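Asker: Provided below are the primary sequence and the corresponding predicted coordinates.
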Amino acid sequence: MRALGNILWHFPFLGFLNALFTYVLGLLLTVTVVAAPIGLGLMQLGKFFLAPFGHEMVASKDALPNQEVNPTWKTYSTVIMILWLPLGLILAIATVIQVVALFITIIGIPVAAALAKTVGTMFNPVGKVCVSSEMAAEIRRKAAQTQLAVN
């Protein structure tokens, strides 16, 4: 079913172009060094757009909990994220409009559901990674166990 969804995403709806543009934009932003946190997130989003069925975008701190983050990089990423906010808001709204338009067509409903998963990443791509759906489910399960242990 995932393969059929990915084929549907790429051929009638040209998802590979979306993946290419997002990845190239992320690469260009990363090369500028100034916008590297956004560029890295957009490159992960481009990777997600290659196969949206069977993958999810999660926060890197959840996917890689043992990885130490430099406090300077974290502060810099926060500042860049605040600067990205207006453009991210526009991209998120455009994605929501695209999702609504796809929901109008019957064949576009699965594609709209996959695209709807990216709205949060469009709004804030900093610190997001593309992982398989199984890994995302495991991350959610561990977070739920931690929440239960705290309560």
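Answerer: Perfect, I can see it now.

Asker: Just give the number of residues close to C130.
Answerer: 23 (other Cβ atoms under 10 Å). C-beta: built from backbone N, CA, C; applies to glycine.

Asker: and if you look at L64?
Answerer: By the criterion of other Cβ under 10 Å, L64 has 13 neighbours.

Asker: Could you grab the helix/strand/coil label for the closest residue to it other than its chain neighbours?
Answerer: Excluding the flanking residues, the one nearest L64 by Cβ to Cβ, 6 or more residues apart in numbering is V129, at 7.5 Å. Assigned with DSSP: H, G, I helix; E, B strand; the rest coil, V129 falls in the strand class.

Asker: Surely V129 is in contact with M43?
Answerer: No: using Cβ atoms under 8 Å, V129 is not in contact with M43, being 10.0 Å away.

Asker: these two touch, right, A143 and K61?
Answerer: No: if you go by Cβ under 8 Å, A143 and K61 don't touch, sitting 11.2 Å apart.

Asker: that older thread, how close does the residue nearest to L64 sit to P52?
Answerer: Noted for V129: a distance of 15 Å to P52, by Cβ to Cβ, to the nearest Å.

Asker: Of the two, which one has the most company?
Answerer: Per other Cβ under 10 Å, whichever of V129 and P52 has more neighbours is P52, with 25 against 21.

Asker: That one contacts A113, doesn't it?
Answerer: No: contact between P52 and A113 fails when scored by Cβ under 8 Å: they sit 9.2 Å apart.

Asker: on that earlier part again, give the bridge partners for the residue nearest to L64, please.
Answerer: V58 (DSSP bridges).

Asker: Show me what the helix or strand bottoming out on mean pLDDT in the chain is packed against.
Answerer: Lowest on mean pLDDT, DSSP states H and E among the helices and strands of the chain sits helix 60-63, with a mean of 84. Applying 3 or more Cβ pairs under 8 Å, 6 or more residues apart in numbering; DSSP states H and E, we find helix 60-63 packed against strand 128-132, helix 133-150.

Asker: Of those, which stretch is the most buried?
Answerer: Among the helices and strands packed on helix 60-63, strand 128-132 has the highest mean neighbour count (mean count of other Cβ atoms under 10 Å), at a mean of 20.

Asker: which residues sit against it?
Answerer: When contacts are defined by Cβ atoms under 8 Å, 6 or more residues apart in numbering, strand 128-132 is touched by residues 41, 44-45, 47-48, 54-60, 63-64, 121, 139.
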